[in-house]
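# Curious how this folds, go ahead:
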Amino acid sequence: MSGRLLDFSNYIGGADNVQVIEMFPSTQKTYEYDYGTDVSSYTFEADYQTIVVDSLAYDRVTGDPNFADSSVVGYFANAEIGSGNIVTTDAATGIIKLTIPAQRYVGPLVPDARTDVAITVVSFKWTDTTVTPNVTDSHRWAIIERYEPDVSPGNPKLSNTFIPLGVGAVTTFTTDASTDASRVEGTYAGVTGLAGGDSQGTGATFEVVVDGTGATSINITARGTSYVVNDTIQLLDSDMGGGGAADITVTVTGVS
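Numbering: from 1, shown residues only. Take a look at the predicted model:
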């Protein structure tokens with residue numbers, strides 16, 4: 001991979017069983033699979049995840065996308081595709097329809113679609129339960145998400161739900177926040193906190209919402225860099241109204 005974090009073909013598992021298409025985020029399409037056999041005993045599932053690649057080139061002759069120099073720089077949370085999008089048309093002959101839903105990705109897009117390109121990878125899996133052990137196979141759609149007028153122009157990497165890859169960004173965390181009547185009611189955005197101990201992490205910020213009882217909910221708004229699992233971040237009461245409540249400790253449980 002020539003020192004790159006991760007190239008696109010490695011991320012989706014190579015070229016086998018992958019179809020690359022271009023769609024607007026608002027577009028929904030149905031594809032028919034013909035297995036040529038009875039699939040009454042098969043189980044089916046599908047999910048998707050949007051990743052971001054740093055650059056995307058196109059073949060001058062064919063116009064096809066070329067991922068030879070594309071590297072994955074981050075991703076968004078994955079999501080399941082509901083069973084209602086997988087329809088058995090004729091189990092006896094093996095006809096199954098998969099509908100790829102609209103609004104797979106709802107964040108900003110760079111209109112030129114050459115740098116920081118959002119690509120949604122849809123995985124469609126089937127398992128033959130008639131054999132032991134069961135056999136599972138899959139097919140993937142790599143959907144290059146195209147800009148359209150009702151999409152905000154912008155860089156996907158600036159979304160607060162974007163998770164950068166390989167930089168120690170906080171992906172999951174726990175807190176010791178509990179209901180405290182001394183906590184001042186309000187919404188506090190951009191609470192940065194203080195990294196604890198020997199942590200080299202920096203840049204993680206949080207939104208803290210306190211209700212009238214002192215109960216607290218915390219969402220991450222920027223994931224930062226250089227964190228490791230078990231790092232702690234102190235959210236200071238002085239940044240949340242200064243009512244005399246205890247500071248809140250955030251413990252990092254996952255990074256990317």
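# Can you list the neighbours in contact with stretch 145-159?
Outside stretch 145-159, the residues that touch it by CB atoms under 8 Å, 6 or more residues apart in numbering are 22-26, 50, 52, 73-74, 76, 104-105, 107-111, 113, 116-120, 162, 164. Heads up, the C-betas are built off the backbone N, CA and C, glycines and all.
# Please repeat the previous calculation with a cut-off of 10 Å.
22-27, 50-52, 54, 73-76, 104-113, 115-120, 162-164, 222 (CB atoms under 10 Å, 6 or more residues apart in numbering).
# are any of those residues buried, and which?
23-25, 27, 50-52, 54, 73-76, 104-105, 107-110, 113, 116-120, 162-164, 222 (16 or more other CB atoms under 10 Å).
# Pretty sure residue 58 sits against residue 114.
Yes - Residue 58 lies in contact with residue 114 (CB atoms under 10 Å); the separation is 8.5 Å.
# List the buried residues of stretch 211-224.
Buried residues in stretch 211-224, counted by 16+ other CB under 10 Å: 214, 216, 218, 220, 222-224.
# Using CSV, write out the CA atom coordinates for that stretch.
Provided in CSV are the C-alpha atoms of stretch 211-224 (Å, rounded to 0.1, in the frame of the first residue of the first chain):
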residue,chain,number,x,y,z
ASP,A,211,-32.0,19.5,32.1
GLY,A,212,-33.9,21.1,35.0
THR,A,213,-33.2,18.2,37.3
GLY,A,214,-29.4,18.3,36.7
ALA,A,215,-29.5,15.2,34.5
THR,A,216,-26.8,15.4,31.8
SER,A,217,-26.4,14.1,28.2
ILE,A,218,-23.2,14.3,26.3
ASN,A,219,-22.5,14.2,22.6
ILE,A,220,-19.2,14.5,20.8
THR,A,221,-18.9,17.3,18.3
ALA,A,222,-15.2,17.0,17.3
ARG,A,223,-13.2,13.7,17.7
GLY,A,224,-9.7,15.2,17.9
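# Can you name the residues that contact residue 204?
Contacts of residue 204 by CB under 10 Å, 6+ apart are 168-170, 173, 191-193, 195, 220-227, 231, 233, 250, 252.
# Buried subset of these as a PyMOL selection?
Selection of buried members from the contacts of residue 204 for PyMOL, criterion 16+ other CB under 10 Å:
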select buried, resi 168+169+170+173+191+192+193+195+220+222+223+224+225+226+227+231+233+250+252
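# Point out the ones among the contacts of residue 204 that are inside strands.
By the criterion of DSSP state E, membership of those in strands covers 170, 173, 191, 195, 220-225, 233, 250, 252.
# Among those residues, which pair sits farthest apart?
191 and 225 (17.7 Å; CB to CB).
# picking up where we left off before, need the buried residues of stretch 211-224 in CSV (columns: pLDDT).
Output for the buried residues of stretch 211-224, formatted as CSV (pLDDT from 0 to 100):
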residue, pLDDT
214, 93
216, 95
218, 95
220, 92
222, 87
223, 89
224, 89
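# and which of the residues you listed is nearest residue 208?
Checking the buried residues of stretch 211-224 against residue 208 by CB to CB gives residue 218 as the nearest, at 5.4 Å.
# Distance check, residue 179 against residue 235.
16 Å (CB to CB, to the nearest Å).
# no no, residue 172
Applying CB to CB to residue 172 and residue 235 gives a distance of 16 Å.
# the more surrounded of those two?
Comparing residue 172 with residue 235 by neighbour count (other CB atoms under 10 Å), the higher total belongs to residue 235, at 23 against 12.
# The nearest residue to residue 18 once chain neighbours are set aside: helix or strand, and which one exactly?
Once flanking residues are discounted, residue 18 sits nearest to residue 140: 4.8 Å by CB to CB, 6 or more residues apart in numbering. Element membership for residue 140, per DSSP states H and E: strand 135-145.
# Please name the strands paired to that strand in the sheet, noting orientation.
When pairs are called by DSSP bridges, strand 135-145 turns out to pair with strand 18-23 (parallel), strand 115-128 (antiparallel).
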